[in-house]
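# Just a sequence and a predicted model for now, questions to come.
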Protein chains: 4
Amino acid sequence: MTKQLAPRSPRCPAPAVRQRLPPDIRIQQILDVALEAFARDGYAATRIDDIAQRAGLSKGGVYAHFKSKEEIFEALLSRTLAPKSLDGLILAPAGSVTVPRVVERIVDRMYVDLCDPRTVLTLRMLLADGIRVPERVGQWRRMVIEPYLKAIETLLRQGVADGTLRKSILAEAPWLVLAPAVFAAMWQLVFEDATPASLDAQRRAHIALVKELLGPEVPRETTHGDGTGTLARAR
Amino acid sequence: MTKQLAPRSPRCPAPAVRQRLPPDIRIQQILDVALEAFARDGYAATRIDDIAQRAGLSKGGVYAHFKSKEEIFEALLSRTLAPKSLDGLILAPAGSVTVPRVVERIVDRMYVDLCDPRTVLTLRMLLADGIRVPERVGQWRRMVIEPYLKAIETLLRQGVADGTLRKSILAEAPWLVLAPAVFAAMWQLVFEDATPASLDAQRRAHIALVKELLGPEVPRETTHGDGTGTLARAR
Amino acid sequence: MTKQLAPRSPRCPAPAVRQRLPPDIRIQQILDVALEAFARDGYAATRIDDIAQRAGLSKGGVYAHFKSKEEIFEALLSRTLAPKSLDGLILAPAGSVTVPRVVERIVDRMYVDLCDPRTVLTLRMLLADGIRVPERVGQWRRMVIEPYLKAIETLLRQGVADGTLRKSILAEAPWLVLAPAVFAAMWQLVFEDATPASLDAQRRAHIALVKELLGPEVPRETTHGDGTGTLARAR
Amino acid sequence: MTKQLAPRSPRCPAPAVRQRLPPDIRIQQILDVALEAFARDGYAATRIDDIAQRAGLSKGGVYAHFKSKEEIFEALLSRTLAPKSLDGLILAPAGSVTVPRVVERIVDRMYVDLCDPRTVLTLRMLLADGIRVPERVGQWRRMVIEPYLKAIETLLRQGVADGTLRKSILAEAPWLVLAPAVFAAMWQLVFEDATPASLDAQRRAHIALVKELLGPEVPRETTHGDGTGTLARAR
DNA sequence: TATGAATGAGGCTTCATTCAT
DNA sequence: AATGAATGAAGCCTCATTCAT
């Protein structure tokens, strides 16, 4: 063990300034950066070094806060898949469930989320690596997705019952309300095509769809302008 | 994915006898297996050893057919993203574009594809690792997806012009026709939830939607049975 | 995952000749080398690189035969702590258990072992790192050490019963027969003092001791020459 | 020992209150704890964190008292390998060197030491990592061990000369007097078998041996009771 | 004195790739 | 065409050491 006699390391000049942050801040920093990295490259292809560097510290520094790469991944999921409030979706006074309301509460809200890069990043991460934590995904489904669908269903059924919404398959298969936004998200994901313009066109088409299905029985002859027929490539 | 968060799916034991096969067969075998592996674990986390074992030969054996891992990936994409014929979509004699026709030609066809595991695997692969080969994805978009959307648009517009379809936003944003099927695919992908039952329920809801939008102005009061409101978890 | 596109490695000129050996040979080689390394430096301070280099292959090459450093350690113990035959210790025709016999069968045999570097290396390894595999050490104790002590006890008791050995505490505490050799081994271990000369002196003193205890009741006045009083430092 | 083969012994929880202590106390605490750690895990496998935690402070706290891990090790050796007084061994008035005296002064004293865990810990440390500081071990040999052996030799020779001890090989190879105790120590070390009972049995056998060799020429037929023939496993 | 975040060298392990057989 | 031992780069993780607080 003669070889262990020599002290191990620091001989090189230290970097500029050793930034010392409170753990909470650092942890958030690391998670933010990790989300980006995992989403962009996938869990396997993301190196701790990447995360560390982008978080502004050294590899070892990351390990002061997380025991392993896996723990970072888990922490990220915990932070992201946390149940969100369904306020304003569930609470609907009688007669209040009109089409504009539905659009505002459900459709618009989704496109707002889709404008947040973090949503899309999380989605990509889930799609690429969610398989690695099936329990957590299952939990997310039960705690977030299914209650959300249920809330939409309730809302729509109430609207139909109140007579403020037309009767439609949407009230029975509420996921159909979400489908176009999911399509939009996938489009972004696959084609890296996040032009605000195209996203907005998609949103408008989506809204038109909802109106057609739930709106009053107006004579249909208006042309809807640009529904982004072929989703013309941006740029 | 040096280490898997969740244990890798159990590898099928290699077939007892390792024999020499004609190259074509071997190559197909390898690609089949590679698709499964890349889709399940992602490109980075898939080891040549995995592919070799599942294809029933050794690591070196794989290299007898492909120069590198990357080459396998590329070959896979070439095989999968190849343009498919749009026959029967484009060719529509005047007056023939009825709702049942649309359903059969577009909607049903998609769910048939979704029943094929390979479609879903390819989707997952694209989502997880498509970013690695943006040119190829772009090419696929231009050669396959956009023509497909265009064909649908043409079809629907013709139907509307012919008076066999009702005027709807669908004719202007043909992607909306696809959205529910894409949602279904994502649902499968994320929740590993490929029950034929739930998929079929989704298909029926999807069809109902299309009918509502394109179908004749029937008085709407029928209840649509089970549109799988909340997509009840299978089992 | 763009970063994964580039092939991983071999660009440097290969070493002289890539020695390819049958696994059995390699494994023995590796174990031989590992024993030396573990004994000299201890498990923790031994680097796989050390072992690999001394075995004439690369780090990765070692992993073709062992899954981990720990597995090497275990394999080493399995190879070394295997039960050895007690022939010739147990089989003793009546009247044959004389002092010279005992010396030859027990004492001399131990010093022969002590001349084998592997014995001493194994001892050191056991002392330094045996604590890490208590089950294995326990097994060794039950399978090797205790039967050995028992065999000695039986032998000595028989000699005493036959009248060929004097009655002595040795027959009841057979470990006392071994103690001087163990002392010698420790001396070697601690003081790195393996001069054949001093070891032989120790052996002779050991034999003298056994003779005094088990030998015939001769009048004691002979001087035993050099029993290596103070174990004069070698060189 | 990056990874332990066997799980590390459970660390004692640090004391609730971490307080500032006078340096001397702290240093002793640290050394006590370090001895235990080095002995149990070996130098390389012992982490400063281990020592710190067990001493009830943080890593940085240890560095307030020692410049490096190596320095702790050295300090430990200095404290432990310090020469001990040989009083009462050397000073022996003519005619006073009787067997009981020898037993009391030499044999019993060793077993008292063996009852002190620190002795055994030190032994283990020497065996495992003594090789790292050969000069210090050499110094210990010259300053402690050899004078000790010399003293024993002198004592025994005087006893023989005085006629109070029988002539025996022991007087010429005084290390033989120590051998059984060393064996006992090794037994403890290897088999982690520190039952007071077995140790006492060993002590009694040891004494019987010494009596046989140095004691008066009594007719030998008594049975010595339990000399712990096979060192029956404790429990 | 003491804490604990941060650094960075170094060790373990994996795996794409090569190549002797 | 196929095998599997061997290579070597690279990634994960540990831990002695430093230092701002």
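Everything's here; your move.

# okay, A:Trp89: pLDDT?
Quick fix: residue A:89 reads Leu, not Trp. pLDDT for A:Leu89: 70.

# Likewise for the one 4 residues further on?
Per-residue confidence at A:Pro93 stands at 77 (pLDDT).

# The spatially most central residue of chain A: which element?
Centrality entry for chain A: nearest residue to the mean C-alpha point is A:Thr119, 2.4 Å, by C-alpha atoms, centre = their mean. Element membership for A:Thr119 (DSSP states H and E) is helix A:117-129.

# contacts for whichever helix or strand comes after that helix?
Once helix A:117-129 ends, the next helix or strand along the chain (criterion: DSSP H and E) is helix A:134-140. Contact with helix A:134-140 is made by A:Glu74, A:Leu77, A:Ser78, A:Leu81, A:Leu126, A:Gly130, A:Ile131, B:Ala6, B:Val190, B:Phe191, B:Glu192, as judged by C-beta atoms under 8 Å, 6 or more residues apart in numbering or on different chains. Every C-beta, even on glycine, is put in place using the N, C-alpha and C of the backbone.

# where does the residue of chain A found nearest DNA strand E land in three-state SS?
Among the residues of chain A, A:Gly60 lies closest to DNA strand E, at 1.9 Å counting by C-beta to the nearest atom of the strand. Following DSSP: H, G, I helix; E, B strand; the rest coil, we place A:Gly60 in the helix state.

# who touches it in this structure?
So, once contact is read as C-beta under 8 Å, 6+ apart, A:Gly60 ends up touching nothing.

# Could you report the neighbour count for the residue lying closest to A:Arg141 once chain neighbours are set aside?
Excluding the flanking residues, the one nearest A:Arg141 by C-beta to C-beta, 6 or more residues apart in numbering or on different chains is B:Phe191, at 5.8 Å. When neighbours are counted by other C-beta atoms under 10 Å in any protein chain shown, B:Phe191 registers 19.

# Repeat that for A:Arg142.
A:Arg142: 12 neighbours (other C-beta under 10 Å).

# same question, A:Thr98
A:Thr98: 16 neighbours (other C-beta under 10 Å).

# pLDDT score assigned to it?
On the pLDDT scale, A:Thr98 gets 92.

# residues in contact with it?
Contacts of A:Thr98 by C-beta under 8 Å, 6+ apart are A:Gly159, A:Thr164, A:Leu165.

# How about A:Gly61?
A:Arg26, A:Ala52, A:Ala55.

# Tell me which stretches of chain A form helices.
Using DSSP state H, the helices of chain A run over residues A:23-41, A:48-55, A:59-63, A:69-80, A:99-102, A:109-115, A:117-129, A:134-140, A:146-162, A:175-191, A:196-214.

# I'd like those helices as JSON lines, with distance to C:Leu114 appended.
Output for the helices of chain A, formatted as JSON lines (distance: least, C-beta to C-beta, whole Å):
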{"stretch": "helix A:23-41", "distance to C:Leu114": "56"}
{"stretch": "helix A:48-55", "distance to C:Leu114": "49"}
{"stretch": "helix A:59-63", "distance to C:Leu114": "46"}
{"stretch": "helix A:69-80", "distance to C:Leu114": "49"}
{"stretch": "helix A:99-102", "distance to C:Leu114": "90"}
{"stretch": "helix A:109-115", "distance to C:Leu114": "76"}
{"stretch": "helix A:117-129", "distance to C:Leu114": "58"}
{"stretch": "helix A:134-140", "distance to C:Leu114": "58"}
{"stretch": "helix A:146-162", "distance to C:Leu114": "73"}
{"stretch": "helix A:175-191", "distance to C:Leu114": "71"}
{"stretch": "helix A:196-214", "distance to C:Leu114": "81"}
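
# deepest of those, which one?
Ranked by mean neighbour count under mean count of other C-beta atoms under 10 Å in any protein chain shown, those are led by helix A:175-191, which reaches a mean of 23.

# Contact partners for A:Ala75?
With C-beta under 8 Å, 6+ apart, A:Ala75 has these contacts: A:Ile27, A:Leu31, A:Phe66.

# For the closest residue to the second one other than its chain neighbours, give its distance to A:Tyr43.
In space, A:Leu31 comes closest to A:Leu76 once its chain neighbours are excluded; the distance is 5.4 Å by C-beta to C-beta, 6+ apart. Per C-beta to C-beta, to the nearest Å, A:Leu76 is found 10 Å from A:Tyr43.

# Spit out the residues that contact the two alike.
A:Met125.

# Next, give me the two most distant ones among the contacts of helix A:134-140.
Using C-beta to C-beta, these reach their maximum pairwise distance at A:Ser78 and B:Glu192, which is 20.3 Å.

# can I assume A:Ala39 is in contact with A:Leu121?
Yes - if you go by C-beta atoms under 8 Å, A:Ala39 and A:Leu121 touch, sitting 3.6 Å apart.

# distance between stretch A:77-97 and the chain's centre?
Mean-position distance between stretch A:77-97 and its chain equals 15 Å (C-alpha atoms, centre = their mean, to the nearest Å).

# re the thing from before, which secondary structure elements does the helix holding A:Thr119 sit against?
Counting contacts by 3 or more C-beta pairs under 8 Å, 6 or more residues apart in numbering or on different chains; DSSP states H and E, helix A:117-129 is packed against helix A:23-41, helix A:69-80, helix A:175-191, helix B:117-129, helix B:175-191.

# at 10 Å instead, please
Secondary-structure packing of helix A:117-129 (3 or more C-beta pairs under 10 Å, 6 or more residues apart in numbering or on different chains; DSSP states H and E): helix A:23-41, helix A:69-80, helix A:109-115, helix A:134-140, helix A:175-191, helix B:117-129, helix B:175-191.

# between these, which gets nearest to C:Arg142?
helix A:69-80 (40.2 Å).

# anything in the closest one near DNA strand E?
No - in terms of C-beta under 7 Å from any atom of the strand, no part of helix A:69-80 sits within range of DNA strand E; the closest distance is 12.4 Å.

# Once you drop chain neighbours, what's closest to A:Thr119?
Using C-beta to C-beta, 6+ apart, the closest residue to A:Thr119 is A:Asp113 (4.6 Å).

# and what of A:Lys69?
A:Lys69 sits nearest to A:Ile48 (C-beta to C-beta, 6+ apart), 5.8 Å away.

# so that neighbour touches A:His65, yeah?
No - with contact defined as C-beta atoms under 10 Å, A:Ile48 does not reach A:His65; the gap is 11.6 Å.

# Touching both of the two, which residues are there?
A:Ile72 (C-beta atoms under 10 Å, 6 or more residues apart in numbering or on different chains).

# Show the contacting residues for the closest residue to A:Ala181 other than its chain neighbours.
Closest residue to A:Ala181 apart from its sequence neighbours, by C-beta to C-beta, 6+ apart: A:Met110 at 4.1 Å. For A:Met110, the contact set (C-beta under 10 Å, 6+ apart) comprises A:Thr119, A:Val177, A:Leu178, A:Pro180, A:Ala181, A:Val182, A:Ala184, A:Ala185, A:Arg203, A:His206.

# got any ranges where chain A has weak pLDDT?
Scanning chain A for pLDDT under 70 picks out the ranges A:1-17, A:88, A:90-91, A:194, A:217-235.

# mind checking how far stretch A:119-136 is from the chain centre?
For stretch A:119-136, the distance to the chain centre is 10 Å (C-alpha atoms, centre = their mean).

# cool, stretch A:111-128 as well?
3 Å.

# With stretch A:39-49 instead?
18 Å.

# show me what contacts A:Arg20?
A:Arg26, A:Leu57, A:Gly61.

# What values do phi and psi take at it?
phi -120, psi 120 (degrees, to the nearest 10).

# Return the distance of it relative to A:Leu123.
35 Å.

# and if you look at A:Glu74?
Distance from A:Glu74 to A:Leu123, by C-beta to C-beta: 18 Å.

# ok so, going back, adding distance to chain C as columns, could you present the contacts of A:Thr98 in TSV?
As requested, the contacts of A:Thr98 are exported to TSV (distance: C-beta to the nearest C-beta, whole Å):
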residue	distance to chain C
A:Gly159	45
A:Thr164	49
A:Leu165	45
